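Asks: Predicted structure and sequence below. I'll ask about it afterward.
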Amino acid sequence: MPALAARTGVDLLRERLASLAGPAATTPRRPAPVERPLPKGFEPYRTPYGTAWRWAEVRAVGRLEGRPPPVAHAYLDTETTGLSGGTGTYAFAAAVARPVQAGLEVVQLFLPEPAAEPAFLHALQEELQRTDALGTYNGATFDLPLLRTRWVMARLPGDFAHPQHVDLLKLARALLRQRLENCTLRNVELALLGFEREEDVEGALVPDAYFTYLRHGASPLLEATLEHNRQDVVSLLYLHARLLLRLDGDDPWMEAPDWLALGRFLLREGRRADGWRALRNALAMRQGRASATAALLLARQLVRRRRHAAAEAVLADAQTLLPAEPLLAIARARVLEWRLGHPGRALEVVEAAGRQGPHPAPVALDLERRGERLRRRVARLNGGQDRRPRQLLLVGQAPQRRHQRRLVGAALTRDLEDRL
């Protein structure tokens, strides 16, 4: 009896639980480690944090159509496991190109496994510190912030250091946006440099190429992905020189839209004299809307500096060069009426523009309403009767609001007034 009482406690509960659990669970077998042979050409590079894998060669530069920067730049591009840029995104390849005496040295680092990231980042920082300046394409918002994040996640001391940086995407967008809907590096290469890549890897396939390599030890797209990375940094050298040539206004292929974009960029950067010169070049080319927009920007800059007579003169010259652009007449009429106090001359400009029609509906409506208002104003100033059309009301009809009265055409109102 005492022995039975002793088994009615914790021992019986354990026996019951053991019977419900079934046979003891076996420890799962670990998968066999995956052998990952390195891509061709990579050699070990010793760092304080382990071994990094480095590829290097010197390429011939060839003919450089453009203006090289006054300070030699290194050009950086990374290939990553995603485009989000968060803490879970790795940079698994980084290419650096820099001019040397023998040509263009191209160095590439590869991350064969995530555990080797500290050595990879340390080696990349050493490569970047060999030059005094750095150029990237969208590096200010993606590549460099990602590398700083990975540096912290790898628990490396300090911050990820790099030389003075210029983002070529900002300059390309400012100078080429009016010609390209999308300023991707591939589009800019084709439009500005004439480069057309053959059998290139799509950007959406780059992460899968690396993930396949990690899982299976080989990937059919990995070699092409690494070559794509190397081609990117080589293109940045030529692109930088061509953009600097265009920034100085020495590109012989520039047309009015290009001069207009250059003028806008220079004005935003505070280079007022160079910006005005670029806008005047755009106006002198007489190429439609781009030249007209340049004249409007010049006039606006002069009005802001209270040089109203000069603004009116610029618009008058632009009208002579571009008589088919009605927006120049509207802008000139505004300056004459509200800045110089000459409604009579403003009316002449509006009437002359109206006779050169037909114009698009919004422009034609603006010219019509502006002409009617100026005629009334000139009549008042000359002591004449104000011929403003009055609103006609039927018996029991409520007066219309101001925005509703705008819907009633002036010609219809005059016709009803004449009939009565």
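Replies: Nice, I can see it. Numbering: from 1, shown residues only.
Asks: I'd like the average pLDDT over stretch 144-159.
Replies: Stretch 144-159 shows an average pLDDT of 95 in the prediction.
Asks: What is the burial count for the nearest residue to residue 128 once chain neighbours are set aside?
Replies: Residue nearest to residue 128 in three dimensions, not counting chain neighbours: residue 162, with 4.8 Å by C-beta to C-beta, 6 or more residues apart in numbering. Using the backbone N, CA and C atoms, a C-beta is placed for each residue, glycine as well. In terms of burial, residue 162 registers 22 neighbours under the definition other C-beta atoms under 10 Å.
Asks: mind listing what the residue nearest the centre of the chain touches?
Replies: The chain has residue 173 as the residue nearest its centroid, 5.0 Å off, counting by C-alpha atoms, centre = their mean. Contacts here follow C-beta atoms under 8 Å, 6 or more residues apart in numbering; on that basis residue 173 touches residue 183.
Asks: where does it sit relative to residue 306, distance-wise?
Replies: When C-beta to C-beta, to the nearest Å is applied, the distance between residue 173 and residue 306 equals 33 Å.
Asks: List the buried residues for stretch 67-80?
Replies: Neighbour-count burial for stretch 67-80 flags 67, 69, 73-80 (criterion: 16 or more other C-beta atoms under 10 Å).
Asks: Got the domain ranges for this structure?
Replies: Residue ranges for each domain of the chain read 43-247, 256-390, as given by automatic domain parsing.
Asks: what are the ranges of the strands in the stretch 1-150 of the chain?
Replies: Ranges of strands in the stretch 1-150 of the chain, per DSSP state E, counting those that start in this stretch, are 43-47, 50-59, 73-80, 91-100, 103-110, 133-136.
Asks: what's the first one in contact with?
Replies: Contacts with strand 43-47, where a contact means C-beta under 8 Å, 6+ apart, come from 51-55, 109, 118-119, 122-123, 126.
Asks: Can you give the strand pairings for that strand, parallel or anti for each?
Replies: When pairs are called by DSSP bridges, strand 43-47 turns out to pair with strand 50-59 (antiparallel).
Asks: Restricting to C-alpha, output the partner strand in CSV.
Replies: The C-alpha trace of strand 50-59 is given here as CSV (Å, rounded to 0.1, in the frame of the first residue of the first chain):
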residue,chain,number,x,y,z
GLY,A,50,39.6,37.0,-42.4
THR,A,51,40.0,36.3,-46.1
ALA,A,52,38.3,38.3,-48.7
TRP,A,53,38.1,37.3,-52.4
ARG,A,54,39.4,39.7,-54.9
TRP,A,55,39.5,39.9,-58.7
ALA,A,56,41.5,42.5,-60.6
GLU,A,57,42.6,43.5,-64.1
VAL,A,58,43.8,46.6,-66.0
ARG,A,59,41.8,47.5,-69.1
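Asks: contacting residues for residue 222?
Replies: The neighbourhood of residue 222, defined by C-beta under 8 Å, 6+ apart, consists of 39, 209-210, 212-213.
Asks: For residue 241, the count of nearby residues, please.
Replies: Using other C-beta under 10 Å as the criterion, residue 241 is surrounded by 16 other residues.
Asks: Tell me the spacing between it and residue 318.
Replies: The spacing between residue 241 and residue 318, counted by C-beta to C-beta, is 34 Å.
Asks: what do you get for residue 233?
Replies: Noted for residue 233: a distance of 44 Å to residue 318, by C-beta to C-beta.
Asks: Does residue 331 belong to a helix, a strand or coil?
Replies: helix (DSSP: H, G, I helix; E, B strand; the rest coil).
Asks: That one reaches residue 314, doesn't it?
Replies: No: checked against C-beta atoms under 8 Å, the pair residue 331 and residue 314 is beyond contact range at 9.7 Å.
Asks: quick one: which of the two has more around it?
Replies: residue 314 (27 against 24).
Asks: isn't the more buried one right up against residue 302?
Replies: Yes: between residue 314 and residue 302 there is a contact at 6.6 Å, judged by C-beta under 8 Å.
Asks: need the longest helix for this protein.
Replies: Selection of the longest helix in the chain by residue count, based on DSSP state H, yields helix 222-247.
Asks: Tell me which residues touch residue 159, please.
Replies: Residues in contact with residue 159, defined by C-beta under 8 Å, 6+ apart, are 148, 151.
Asks: Mind doing that once more with 10 Å?
Replies: With contacts defined as C-beta atoms under 10 Å, 6 or more residues apart in numbering, residue 159 is in contact with 125, 148, 151-152.
Asks: Identify the residues contacting the helix or strand where residue 209 lies?
Replies: Assignment of secondary structure by DSSP states H and E places residue 209 within helix 206-216. When contacts are taken as C-beta under 10 Å, 6+ apart, the neighbours of helix 206-216 outside the stretch itself are 34-37, 39, 79-83, 89-90, 92-93, 110-114, 201, 205, 218-226, 228-229.
Asks: And for residue 347, nearest residue in space, chain neighbours not counted?
Replies: When the adjacent residues along the chain are set aside, residue 347 lies closest to residue 374, with 4.1 Å between them (C-beta to C-beta, 6+ apart).
Asks: Residue 91 too?
Replies: residue 78 (4.5 Å).
Asks: circling back to that earlier point, what about the domains of the chain, which gets the closest to residue 15?
Replies: Taking C-beta to C-beta, domain 43-247 is the member of the domains of the chain nearest to residue 15, at 44.7 Å.
Asks: what distance separates the start and the end of the closest one?
Replies: Distance between the two ends of domain 43-247: 40 Å, counting by C-alpha to C-alpha, to the nearest Å.
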